[in-house]
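In: Need coordinates for the below:
(2 chains)
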Amino acid sequence: MLGGVSLSKVALSLTLAIGSLSSFAHGLFPDEAGRIDWHRAQIGRPTKIVPYAFNETDTGLFAITDRNTLASLSPASGKIVWRQTFGSDETIKALRVRDGRALTLSGANETHVRVWDAASGGLVWGFSQPPDANYRRGSGAAEFVEKSEDVVAVVGDSLVRLTPGATVPVWEVPLNATAAYKRIVLEDKTAFVVGDARPTKKNPKPRMQVVEVDLESGSVKQKYQFAGGQAVRSNRVVFLQSREYGSYVVWRDEKNIVWFVHRLGMSDPEWEIYHAKLVQVELMPADMLTSTMYEIDTDPALNANHPRFIMTYLKDDKIKTIVVEMYRSGDKLEMRKVAGFRSDDAVVAGCGISAPKNDAANPNAPRAVVSVRASDDVSWRVYTDSKTPTHTGDFVYSKDTYGPVRSATLYHVGGEPRVLVQTSGGLVAALAPGSSEPLWFRDESLSHATDMAFLELPPPVSSAEYAAKATDPSVLGSPVTRYILRWAESAKSIVSWVTSGFGFFANSPDAVGASGQAARTVAEELVPASPIVVGDHFGFRKLSVFGTSSGVVAALSTQGGSRSWTRFLADNGTAVSIDNVFVTRRNQPMSTSAPLVTVVGRSRVSGNTVVAVLNALTGEFADDSELTVLPYSHAKVFELPAVDTLNNQQLIGLVYRDPESQTHLGIWPSTASAAKAFCAVTEPVFFDLNDGAGSTDLRGFRAECPASEAELDSWAESSSSFAASEQWKFGLPEGETLISTTGYDGAQSTALLGRVLGDRSVLYKYLNPHLVTVATRIGDDETGSRGIGIYMIDRVTGSLLYSTVHANAHVTKKQPFLAIQSENRVIYQFWQEGSPATAEAKAHSSAVRGYVTVVADLYESDKPDTRDESRAFSSYDLVLPHVVTAAFVAPEPASALGVTRTGSNISTRDVVFGLASSKLLSLPDQMFDPRRPKRAATKDEQAEGLVPYAAPLALDPKRVLSHYNAVAGIAHIRAAPTHLESTSLVAAYGLDLFFTRTSPSGTFDQLSPSFSKVNLVVTTLALAVGCLLGGPMVRRKLTNQAWA
Amino acid sequence: MPSTARVYADFTSLTKHKPTSRGGPIDPHGFDASLASSASASLSSGSAHKDDQTDAMLRAKKAWEVAMGPAKTLPMQAFMAWMSGTGVSIFSILITAMILMTPLRTIMTVQQTFAPLERVAKGRPALDLTMQKAAFVAINIAGVLFAVYRLSIMGLLPTASSDWLAFIPAKTYPELSF
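Out: Below you'll find the model as predicted:
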């Protein structure tokens, strides 16, 4: 009897011990940096890639990108050697690499010329030109002066010669806004600056303007115009630079078959050459009219004596490509065909030239042209001086994933040619001869991410469950059966854990995840064979579905960042710009229907709204659907709380204005059943609308359902919509324009309806889901009066709930206005100028100069224990909030704001700042409490957890979520709850991607890493052994006692 | 020669040797059987009324002592409570629980506590100790009240609005806006 009891106890304790091992809790601890988070450094889509050989063996790839980044890439791996990210409004217009130095010209009106050390990325010297009223849009060019370290550049409205170490230019030539100068051509003693002349009333036709300047003195030798009807950047114009013959511009008039060759600096009229003579190839006029010209290298050092260009033309519906070289015979300039090839049905997506070695001293070094055929599979050929290609290769790849190839660059690694192809989706892949797999690739599509949605993945099912599902799914209907199957699986894993040596020799689960990503080959990583469909037990592994402005939709695992699928969306071959991603059907347990994402964007062809519904697990179009172009362009898009019962898909609302300026609400899916589902929603649907930044009013609308069922029955695909009636108009005060509006990001959940004070009374939160924070710009730069107006309005009625003015604050692209709403708290940040100029302004605001973070908490009343007792919160029963505010001085400028999110909102929240210094900083919510006392805290305030107010927000290095990573250009911060209440996933994206998880209230629901499971098991076993040994002894003692 | 007579004192013989008829044990030294029998007679059969009254009075007095017993512990408990402070910690909670539970448990056992004092003899009516019991209960209730007061100053009584905050239903929103 006793033995029986102790045995069952042993069994129970063993079961407990095994149970404790069956699940591994993941925690967030400092030693896990880099394991629980991941960072992907990106550069953007390159606008120009320059290969540069440092010496015989060492090559570098230098790229400037449309995300204003200058980067040096490793030619062998594609990894970033170094990168420099410029300001968001500082477009990089020129890149030159020479003598171990990289030259960039960036910015618009305020122009920056910088020279970088090409090996290290360090700034060698720089020059900035202040904004110039005469600046012509598009203007800007820079070149190194030969045999000197000087630079000649078009900055603002001037041509300058700059020398290292000098703060003022050697000379400066004002260009007087005569043209948008985009090209500098340097000869020995002369600089030609060429631009698109400003159209005048007398001469509205486009033409080119040249200014010839003496390189030494900076004196203008002559100014003239030429090439009527031509623009500098056109595919009918090439610049040819030769040391021996001088600099030429070759062009063909549109719809004409006459070629013009102009020597820069010659006042003589241009030479005219008829088609047949130009390249010594017989060209029919029809062929000529389709011809285009490409410059193949604009580096004068490379072009050397015999500059070349490429011409393509259509002959008998076949694309022909020829490489043309300029030479001089006697005193005559001639062009000849060096190589030519037919490309059949193919398209030359790009071309380029490069020598294995940048050798200016060797003008006859072999140069090559790359032709990329990009019909179905990509195939490429390298030509040097003959018709037969010297190297060929192909690249098996689907255009549905990253879009078509748009350009190619040739470079050499150790004398071997490499072709770099770029797709319009943002893929950069390095190809080598004889291999269809890329050597490496960079996926730059996500550097243009505009929106992101988290998709929950189902927890892993045991293989026993899988087997049961496959054989007899009805077995799994019972939770008991599933539970037993899971236990069986856990017992199996225990056995394997023990046999594998207690896991000492195996990798930890996280390490497996990380190495699993590395174990993929380049081709597998590019196009994953199997998508990620299973999550984990804790909800850490989800799919993050990104939409980008480059037309790519991509799903990445939130753990490790491995790619699940990629889809390129194009309308008539042009990438669409995706604005929003919605999860419209979630993963449902035991369901066979796949989860869906609906992406909403705009066509670049028509500007109209496009919608695509994709299978969220595979990226395929759902149910044989395709990209739909709607007959309107949406002004606003949101998720509707209604589900189309026909296909179990959540509805998307699309607000648009028709040509008569009437506002409508379209829905997607646009079917009769969806329309009925929308009209079945009992609550009236309101929305607000504005014309974006700069508008002077906001309007509120209410969507109206048709009165008759018949109208819903006759709902027509993609052309029907609901009428919207205007409810209110909120006109901004005179002289104010809209900056932005901020509402709640998705549905909010609140754990506590009030704020418990130190004396145990309650301040009830003002929770109004219709709250919108409107920020306006007051005054303008010209009048000198600056400020920001804040209006909190109700979106249903348009009533003003709270307003305030921040005098002497202003918003620029560099100093943006950021705002976020969370629960009853509104946080916003802006730049405040220092000491106000006027006495009146002084009375209004403090003299703090810096980034100011303002927090406004909304309560139902200023008195504790006072609340509106009604069960329903209707905006029509106007209840004004009591607003408590405080302002803090932010330590650094931020580029994005976010708030962590947990399942039930029981954990406190952290406010996450994406800093301009490439850090992700999370600060506790309590720090932003406007109730922090501005004196020593009373006992009640201490009990409430309030620390005395201090204006500066402390930048605690321990709270930098991104730790050693430099997360550049953070533009958005998103958070998602996990299955652990303590833990929130945080995603930051913009230029780079960074994912981590954080526990604002500590990891209270997880075992600490110091918890020893081995100890637990050993103790349990020791107790069991003790019971087994002690049992007989106790029994013997009892028997003896009975006999005594 | 005259023979030497042996002289000795036999102390055992100093008292009169009176063996019992039954040959049982000798009474202990100093035992007066008559006195003993008279005393036992007065206890068992001495039906003097005066003795009864004294007994009842003594019992009642004893009962008052029992009834007032908890009152003596109250200052001690108050001192302990003061020492443990009003903060919510394991010690203060344990002490408060003790202060609360002890009088409650004592109130439950009021009948058992007074039973030995109430019972007089077989067949005789039980002594009436109602007043003592009432006082005993009242004092213990005072102990409970003290414990409750302590709970309230420790903030462990759900008397504030914040204690019911979690049970307030969230509001519904009759409008939707986006």
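In: Quick check: which element contains residue 114?
Out: Chain wasn't specified; assuming chain A. Under the criterion of DSSP states H and E, A:Arg114 resides in strand A:111-117.
In: ah, no, chain B please
Out: B:Phe114 belongs to helix B:110-118, assigned by DSSP H and E.
In: what about the helix or strand just after that helix and chain A, touching?
Out: Using DSSP H and E, the helix or strand that directly follows helix B:110-118 along the chain is helix B:130-154. No. Using CB under 8 Å from any CB of the partner chain, helix B:130-154 stays clear of chain A, coming no nearer than 10.9 Å. Where C-beta positions appear, they are placed from N, C-alpha and C, glycine not excepted.
In: just to revisit the earlier point, list the buried residues of the helix holding B:Phe114.
Out: B:Val110, B:Thr113, B:Phe114, B:Leu117, B:Glu118 (16 or more other CB atoms under 10 Å in any protein chain shown).
In: who does the nearest residue to A:Tyr411 once chain neighbours are set aside bridge with?
Out: Distances taken as CB to CB, 6 or more residues apart in numbering or on different chains put A:Pro51 closest to A:Tyr411, at 3.4 Å, once the chain neighbours are dropped. For A:Pro51, the residues forming beta bridges with it (DSSP bridges) are A:Leu61.
In: pretty sure A:Pro51 is in contact with A:Thr59, am I right?
Out: Yes. Counting by CB atoms under 8 Å, A:Pro51 does reach A:Thr59; the two are 6.1 Å apart.
In: Give the residues shared as contacts by the two.
Out: Shared contacts of A:Pro51 and A:Thr59 (CB atoms under 8 Å, 6 or more residues apart in numbering or on different chains): A:Pro75, A:Tyr411, A:His412.
In: Show me the residues you listed that map onto helices.
Out: Using DSSP state H, the subset of these located in helices is empty.
In: Switch those residues over to JSON lines; also include pLDDT, neighbour count and distance to B:Ser152.
Out: As requested, the shared contacts of A:Pro51 and A:Thr59 are exported to JSON lines (pLDDT from 0 to 100; neighbours: other CB atoms under 10 Å in any protein chain shown; distance: CB to CB, whole Å):
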{"residue": "A:Pro75", "pLDDT": "88", "neighbour count": "23", "distance to B:Ser152": "76"}
{"residue": "A:Tyr411", "pLDDT": "80", "neighbour count": "24", "distance to B:Ser152": "81"}
{"residue": "A:His412", "pLDDT": "77", "neighbour count": "18", "distance to B:Ser152": "85"}
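In: between those, which is nearest A:Leu431?
Out: Distance to A:Leu431 across the shared contacts of A:Pro51 and A:Thr59 (CB to CB) is lowest for A:Tyr411, with 11.0 Å.
In: mind listing what the residue nearest to A:Tyr411 touches?
Out: A:Thr59, A:Gly60, A:Leu61, A:Phe62, A:Pro75, A:Ser354, A:Thr409, A:Leu410, A:Tyr411, A:His412.
In: Repeat that for A:Ala119.
Out: Here A:Ala119 is in contact with A:Phe54, A:Gly60, A:Gly100 (CB under 8 Å, 6+ apart).
In: let's see it at 6 Å
Out: Listed by CB atoms under 6 Å, 6 or more residues apart in numbering or on different chains, A:Ala119 has no contact partners.
In: Kindly provide the distance from it to chain B.
Out: 53 Å (CB to the nearest CB, to the nearest Å).
In: what helix or strand is that residue on?
Out: Going by DSSP H and E, A:Ala119 is not in any helix or strand.
In: got it, and the one 5 residues further on?
Out: For A:Val124, the host element (DSSP H and E) is strand A:123-129.
In: Over to A:Phe913?
Out: Taking DSSP H and E as the criterion, A:Phe913 maps to strand A:910-915.
In: Now do the helix or strand just after that strand against strand A:910-915, angle only.
Out: Next in sequence after strand A:910-915, counting helices and strands by DSSP H and E, comes strand A:920-924. Angle of strand A:920-924 versus strand A:910-915, following axes from the mean of the first three to the mean of the last three CA atoms, to 10 degrees, is 150 degrees.
In: A:Ala675 contacts A:Trp715, correct?
Out: Yes. In this structure A:Ala675 lies within contact range of A:Trp715 using CB atoms under 6 Å: 4.6 Å.
In: With neighbour numbers in mind, choose between those two.
Out: A:Ala675 (25 against 18; other CB atoms under 10 Å in any protein chain shown).
In: Show me what the helix or strand containing that one is packed against.
Out: A:Ala675 is part of helix A:672-679, with elements assigned from DSSP H and E. Secondary-structure packing of helix A:672-679 (3 or more CB pairs under 6 Å, 6 or more residues apart in numbering or on different chains; DSSP states H and E): strand A:634-644, helix A:709-713.
In: before we move on, the earlier item: ok, the contacts of A:Pro51 vs A:Phe1004, which is closest?
Out: Using CB to CB, these come closest to A:Phe1004 at A:Leu61, 48.7 Å.
In: burial measure for the closest one, as a count.
Out: Quick note: A:Leu61 (other CB under 10 Å) scores 25 neighbours.
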